[in-house]
Every structure is written in C-alpha cells, then in structure tokens.
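In: fold the stuff below for me.
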Amino acid sequence: MRTLALGWALALAVLGSSVGAAAAGSTSRAGATPTNVDISQRPQNESEEAIAVNPTNPKNIVMVSNVDFPLA
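Out: The predicted structure follows:
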C-alpha cells in the first residue's frame with residue numbers, strides 16, 4: 001500500500017511540475033512589448049503624452065501632450 005501511495009505521489013509531482021512549466025512558458029510569450037506609435041502632430045520631441053479611456057464609455061478617449069514653448 002505504501003508503494004502505491006508513493007507511486008501516486010511521484011506521478012502527481014511530475015504532472016504538477018509539467019503543468020507549472022507550461023503555464024510559466026505561456027505567460028512569457030504573451031508579454032510581448034507593444035510598438036511605440038507617435039501620435040503627435042509636432043515635428044520635435046514632447047516631454048509627456050498620456051491617453052485616458054473612460055471606463056464607463058470606451059468611445060470617450062482623451063489624449064494630452066505638453067510641447068516645447070516655441071512649437072505651442
């Protein structure tokens with residue numbers, strides 16, 4: 001009986017480690033870095049940009065950017 005219990009314990013340990021490794025591998029592939037997109041209409045560098053989406057209305061999107069003084 002003890003041998004049977006040990007066999008099941010080893011089988012579950014191997015199964016658990018393979019499932020954990022598969023889950024860890026899938027999360028690393030899904031975390032790809034998105035491409036940066038320049039949404040500014042100005043030719044030079046801005047110091048900050050921000051985009052906000054209203055959680056109650058996804059069609060309500062606001063974009064703000066602060067620009068150097070001569071270009072403003």
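In: going forward, measure contacts between C-alpha atoms and count neighbours the same way
Out: Fine.
In: need the residues that contact the longest strand seen in the chain.
Out: The residue-count maximum for a strand in the chain (DSSP state E) belongs to strand 57-66. For strand 57-66, contacts defined as C-alpha atoms under 8 Å, 6 or more residues apart in numbering pick out 40, 46-54.
In: which residues of this protein score low on pLDDT?
Out: 1-10, 12, 14-30, 42-47, 67-72 (pLDDT under 70).
In: neighbours of Met63, how many?
Out: Around Met63 there are 11 other residues, counting by other C-alpha atoms under 10 Å.
In: what are the bridge partners for it, then?
Out: Beta-bridge pairing for Met63 (DSSP bridges): Ile51.
In: next one: Val40 from Asn57, what distance?
Out: Just so we're on the same page, residue 40 is Ser rather than Val. As judged by C-alpha to C-alpha, to the nearest Å, Ser40 and Asn57 stand 24 Å apart.
In: repeat for Ala50
Out: Using C-alpha to C-alpha, Ala50 is found at 18 Å from Asn57.
In: export the contacts of strand 57-66 to JSON lines and tack on distance to Val62?
Out: Converted to JSON lines, the contacts of strand 57-66 look like this (distance: C-alpha to C-alpha, whole Å):
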{"residue": "Ser40", "distance to Val62": "13"}
{"residue": "Glu46", "distance to Val62": "17"}
{"residue": "Ser47", "distance to Val62": "17"}
{"residue": "Glu48", "distance to Val62": "14"}
{"residue": "Glu49", "distance to Val62": "11"}
{"residue": "Ala50", "distance to Val62": "8"}
{"residue": "Ile51", "distance to Val62": "6"}
{"residue": "Ala52", "distance to Val62": "5"}
{"residue": "Val53", "distance to Val62": "7"}
{"residue": "Asn54", "distance to Val62": "8"}
